[in-house]
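Undergrad: Any chance you can model this:
(chains A and B)
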Amino acid sequence: MAKQHISFKLNGQQVDVLAEPRELLVHTIREQLGQTGTHIGCDTSHCGVCTVDLNGDSVKACTILAVQANGGDVLTVEGMADAAGLHVIQQAFIDEHGLQCGFCTPGMLIRAYRFLQENPDPTDDEIRAGMSGNLCRCTGYQNIIKAVKSAAQKLQQA
Amino acid sequence: MATPADEMNRQDALEGVGCSRKRKEDPRFVQGKGNYVDDIKMSGMLFADMVRSPFAHARIKSINKEKALALPGVHAVLTADDLKPLNLHWMPTLAGDVQAVLADEKVHFQYQEVAVVIADDRYIAADAIDLVEVEYEPLPVLVDAHKAMDPDAPILREDLVGKMDGKHSKRVHNNHIFHWEAGDKDPTDRVFDEAEVTVEQQMYYHRVHPSPLETCGCVASFDKVNGHLTVYITSQAPHVVRTVVSLLSGIPESKIRIVSPDIGGGFGNKVGIYPGYVNAIVASIVLGRPVKWVEDRMEHLSTTAFARDYHMTGELAADKDGRIKALRVKVLADHGAFDACADPSKFPAGLFHICTGSYDVPVAHVQVDGVYTNKAPGGVAYRCSFRVTEAVYVIERTLDVLAQKLGIDKAEIRRRNFVKPEQFPYDTALGWQLDSGDYHTALDKVLKAVDYDGLRKEQAEKRAQGELMGIGLVTFTEIVGAGPSRTCDILGIGMFDSAEIRVHPTGSVMARMGTITQGQGHQTTYAQIIATELGIPSEQIQIEEGDTDTAPYGLGTYGSRSTPVGGAATAVAARKIRAKAQKIAAHLLEVSEDDLEWDVDRFKVKGVPGQEKTMKEVAWAAYNNVPEGMEPGLEAVDYYDPPNFTYPFGTYLCVVDIDKYTGQTHVRRFYALDDCGTRINPMIIDGQIHGGLNEGYAVAMGQELPYDEEGNALGNTFMDYFIPTFVETPKWETDYTVTPSPHHPLGAKGVAESPHVGSIPCFTAAVVDAFSHLGITHMDMPHNAYRVWKQIHQLGLDKRG
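TA: Sure thing, here's the model as predicted:
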């Protein structure tokens, strides 16, 4: 299959890759661009460990083609922290014990990042609904809810 | 002189045992810097993908690889015939059986591995498996375990025909794996014959799958020049993997390096050794290049180890007051096509005979028969210690049935039968010695916290109005921390575990253990143990596990054994270091060892203020100024063989409301009190409990791996297999009591599996309790809306108007 030239922004940097039209975005990010924070869990869009932010939307990178990201702006977990340190949401996950094995964590963080822009002051139930596309087997979710809520408060104060 | 405040500050600075220390693992995980198997990329790495059987039982007539081999980028297609000359087409399981690495003339379950394709990338490999042409001759399929030993049942394992001496017992049928018993049959039967009251309840503990979010996989790399094999693998037991790979391949263990890097959840699924691993290793040896194999979710749910699938009958004999006189349990265990459990080798039904629970049961008998079916192989411990989940389920359910029959409240019947605090250590009728417990206190605390009487009153009112509300109550005892090597081994290796601690001259520490964390936070909690024992701040203690080149031999992390066994080894190794440090401190202070006392982080001369040496100072001296005759350095190793298991316990209570028109169940409240003995990190304990409760909720309320009559797996994607989302998951309330284990160096017992083990019967109890006034004593899991609605409909409760 002829490869296509694809160009997009990944965590603020312009990247250029050659990919087959059938190549999934998650493979491009992980294998061609070496950013392995975004994981693969279920191949059917259910688990959300592959969640990235594409043009301001949370998308599951295992069910979108790399060519669909052409010209777009992609944020992954690797792009959350900056020179000043961890993003407020990352710190909140640590403080509230919102992770255990860490496999779902990058997708959770990237989803929380977008969700808190969609709803800056959510209730517990709104967090449950807004984050429900991301599965976790370890935490029973309770501390993730606490982390998202605490991050929301800190982001509001900032 | 040190003030109490100073002592407290020094204590706090250590972040030792009892501190809710933030996790050391987290900064890299939240930045996407974890290092999981699929993140590993090696130069020249190829990808493996499996050709799998569409049939559950069939003879392989032919395999044609030509078209696949002709595809550019394909390096090899291997079948059983290719592995035969190497004698690698079958491999031993951890349960004493053998399993086909690639199907040898026959397939025994759907999705069984038939051929492996090795290609330049995963896309080409996926294309190529479709080009491998396999011709099958379908055979009669056996999926119903109850029919496995019928005279006319299809013969599944032709490799076992005529071999009637099984690993664990005589086999009475070719589809029979083992018969196993514990307890005293005749005395038990006699009590049943003469008892005032008896109850019997059949229950099916359905087949489920641990399904961590990271599937199984490995990267195998064989270096043809020096004969070294390196395998990065999703394993909860890397040292055992190294031994098995060595036995299989003939490569000495000293030339095999197995690394469990970060693991994206295990829950028992990653204990076994799977054909995919062996195929990747063989391919790497054959091709001389690194080979990666990573399952997709469907392969994971269809082929790597499932859990449960126990058909159980529980019977209790009692007096009219509900006091238990005897317990009898019979089990038919469906192990699938190969016996690929991972139990201690003397126990083909694991530790199932802990099924006397928290109760004073005078006499008991249990028997288990394992059978083969055309289903995926396994029978692993899904977030539990070897069949303990099944054991707790059968006793808790049967006790509820007894309570209902006698009209005794479900809390009261437990109180009447508990082993009393003064009876510990308590020898159970089935051969265990419960080391400690205080069941009455735990129960009373929960009943008070939830206002149990108030809930029962509310339930009575709801019932009067025709509404369905249930209260589930479970008072479980687990058995974890396998185990004493006199009773527990895997492949002949005793189930000890190990720790190796090295204190550097400046007082920082490197410690390595034979266990391997999969989210439990070992890098955090082991450091806390060492901090308290050695008076060195946790922050200066580095923990490493999972690399067989550097870590001491251990049996790994499953069955809640890390804290009971690995944690004990860590404490004992640290105490060996402190004993040596005390000698060095005495030498430095020019006093006798006996004149010293330990104070948080230093040795002090008794009664002489200011005469003291900190552990940091002693560490420096260990490398330049030790007493004459002592070897320099400050390190220790401990291989800890536990004298007994530990027995965590708890009381769980669940309140459900059920919609009588839809069968929808709403968990209104779930209150979990756990006693895991000494609490090392309360934050992590709570997190483990939340997670275990959620996995219990999943099993009880929706997860199942059903098969149709032809052996087609029906629950093998996340579209079909229930993983609770944020939305379904109930809110968890946690509580605790502390009854330290008397034989564990820290008094700790292990905790992460209790919530799974304890919550599952609690959810069932709550759902059943909603119908108990209508004569229902049991409902099989999973309690999804459809199944609950069927019960409602059968009782005619959903009639409107």
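Undergrad: Would you check how far apart B:Val219 and B:Gly350 are?
TA: Using CB to CB, to the nearest Å, one gets 31 Å for the distance from B:Val219 to B:Gly350. For every residue, glycine as well, the C-beta is placed using N, CA and C.
Undergrad: residue contacts, residue 91?
TA: Just going to use chain A. Neighbouring residues of A:Gln91 by CB atoms under 8 Å, 6 or more residues apart in numbering or on different chains: A:85, A:151, B:30.
Undergrad: wrong one, chain B
TA: Here B:Met91 is in contact with B:98-99, B:101, B:244, B:248, B:273, B:275, B:278 (CB under 8 Å, 6+ apart).
Undergrad: now B:Leu139
TA: B:57-59, B:106, B:154.
Undergrad: In terms of helices and strands, where is the residue nearest the centre of chain A?
TA: Nearest residue to the geometric centre of chain A (CA atoms, centre = their mean): A:Ile110, 2.9 Å. Element membership for A:Ile110 (DSSP states H and E) is helix A:105-118.
Undergrad: could I get that helix in PDB with only the CA atoms?
TA: What follows is helix A:105-118, C-alpha atoms only, in PDB (Å, rounded to 0.1, in the frame of the first residue of the first chain):
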ATOM      1  CA  THR A 105      -3.500   6.700  33.500                       C
ATOM      2  CA  PRO A 106      -2.400   8.600  30.300                       C
ATOM      3  CA  GLY A 107      -5.800   8.200  28.700                       C
ATOM      4  CA  MET A 108      -7.500   9.200  32.000                       C
ATOM      5  CA  LEU A 109      -5.400  12.300  32.300                       C
ATOM      6  CA  ILE A 110      -5.900  13.400  28.700                       C
ATOM      7  CA  ARG A 111      -9.600  12.900  29.000                       C
ATOM      8  CA  ALA A 112      -9.700  14.800  32.300                       C
ATOM      9  CA  TYR A 113      -7.700  17.600  30.600                       C
ATOM     10  CA  ARG A 114     -10.500  18.000  28.000                       C
ATOM     11  CA  PHE A 115     -13.400  17.200  30.300                       C
ATOM     12  CA  LEU A 116     -12.400  20.000  32.700                       C
ATOM     13  CA  GLN A 117     -12.500  22.500  29.800                       C
ATOM     14  CA  GLU A 118     -15.900  21.300  28.900                       C
END
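Undergrad: buried stuff in that helix?
TA: A:105-116 (16 or more other CB atoms under 10 Å in any protein chain shown).
Undergrad: mind checking which helix or strand residue 91 is in?
TA: In the absence of a named chain, chain A is used. Under the criterion of DSSP H and E, A:Gln91 resides in helix A:88-95.
Undergrad: Sorry, I should have been clearer: chain B.
TA: Assigned by DSSP H and E, B:Met91 falls in strand B:90-92.
Undergrad: That strand pairs with which strands, parallel or anti?
TA: Paired with strand B:90-92 in the same sheet, following DSSP bridges, are strand B:98-100 (antiparallel).
Undergrad: which element follows the partner strand toward the C-terminus?
TA: Using DSSP H and E, the helix or strand that follows strand B:98-100 in sequence is strand B:106-107.
Undergrad: so B:Ala752 sits in a strand?
TA: No - under DSSP: H, G, I helix; E, B strand; the rest coil, B:Ala752 falls outside any strand and is assigned coil.
Undergrad: Can you report how many residues neighbour it?
TA: Using other CB atoms under 10 Å in any protein chain shown, B:Ala752 has 29 neighbouring residues.
Undergrad: Secondary structure element holding the residue lying closest to it once chain neighbours are set aside?
TA: Nearest non-adjacent residue to B:Ala752, counting by CB to CB, 6 or more residues apart in numbering or on different chains: B:Gln688, 4.0 Å away. Take DSSP H and E as the rule and B:Gln688 turns out to sit in helix B:682-701.
Undergrad: Pull out the buried residues from stretch B:218-234.
TA: Using 16+ other CB under 10 Å as the test for burial, stretch B:218-234 gives B:218-222, B:229-234.
Undergrad: Output that stretch as PDB, nothing but the C-alphas.
TA: The C-alpha coordinates for stretch B:218-234 follow below in PDB (Å, rounded to 0.1, in the frame of the first residue of the first chain):
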ATOM      1  CA  CYS B 218       6.600 -10.400  25.400                       C
ATOM      2  CA  VAL B 219       9.700  -9.400  23.500                       C
ATOM      3  CA  ALA B 220      12.100 -12.300  23.200                       C
ATOM      4  CA  SER B 221      15.700 -11.700  22.000                       C
ATOM      5  CA  PHE B 222      18.100 -14.500  21.500                       C
ATOM      6  CA  ASP B 223      21.800 -13.500  21.000                       C
ATOM      7  CA  LYS B 224      23.200 -16.200  18.700                       C
ATOM      8  CA  VAL B 225      26.800 -15.100  19.300                       C
ATOM      9  CA  ASN B 226      26.900 -15.600  23.100                       C
ATOM     10  CA  GLY B 227      23.800 -17.800  23.500                       C
ATOM     11  CA  HIS B 228      22.000 -15.400  25.800                       C
ATOM     12  CA  LEU B 229      18.300 -15.200  25.800                       C
ATOM     13  CA  THR B 230      16.500 -12.000  27.100                       C
ATOM     14  CA  VAL B 231      12.700 -11.900  27.500                       C
ATOM     15  CA  TYR B 232      10.700  -8.900  28.500                       C
ATOM     16  CA  ILE B 233       7.400 -10.300  29.600                       C
ATOM     17  CA  THR B 234       4.100  -9.500  31.300                       C
END
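Undergrad: Now tell me what touches that stretch from outside.
TA: So stretch B:218-234 is in contact with B:36-37, B:40, B:42, B:45, B:214-217, B:241, B:245, B:249, B:251, B:255-261, B:263-264, B:266, B:270, B:276-277, B:280-281, B:283-285, B:288-294, going by CB under 8 Å, 6+ apart.
Undergrad: Now for the closest residue to chain A within chain B: which residues touch it?
TA: Residue of chain B nearest chain A, by CB to the nearest CB: B:Gly32 (1.9 Å). Residues near B:Gly32 by CB under 8 Å, 6+ apart: A:35-38, A:76-78, A:106.
Undergrad: In three-state terms, label it for me.
TA: Taking three-state DSSP, the label given to B:Gly32 is coil.
Undergrad: what about the spatially closest residue to it that is not a sequence neighbour, how many residues close to it?
TA: Nearest residue to B:Gly32 in three dimensions, chain neighbours excluded: A:Gly37, at 1.9 Å (CB to CB, 6+ apart). Using other CB under 10 Å, A:Gly37 has 26 neighbouring residues.
Undergrad: Could you check the pLDDT of A:Gly37?
TA: Note on A:Gly37: pLDDT of 98.
Undergrad: And for B:Glu7?
TA: Value for B:Glu7, per-residue pLDDT: 83.
Undergrad: so where does it fall, helix or strand?
TA: Using DSSP H and E, B:Glu7 falls in helix B:4-14.
Undergrad: And for that helix, what's in contact with it?
TA: B:19, B:531-532, B:535-538, B:599-601.
Undergrad: any chance you could map the helices in the stretch 251-400 of chain B?
TA: B:275-287, B:297-303, B:388-406 (DSSP state H, counting those that start in this stretch).
Undergrad: and the longest helix along chain A, what other elements does it pack with?
TA: Longest helix of chain A, by residue count under DSSP state H: helix A:142-157. Packing contacts for helix A:142-157, counted by 3 or more CB pairs under 8 Å, 6 or more residues apart in numbering or on different chains; DSSP states H and E, involve helix A:88-95, helix A:105-118, helix A:124-130, helix B:682-701.
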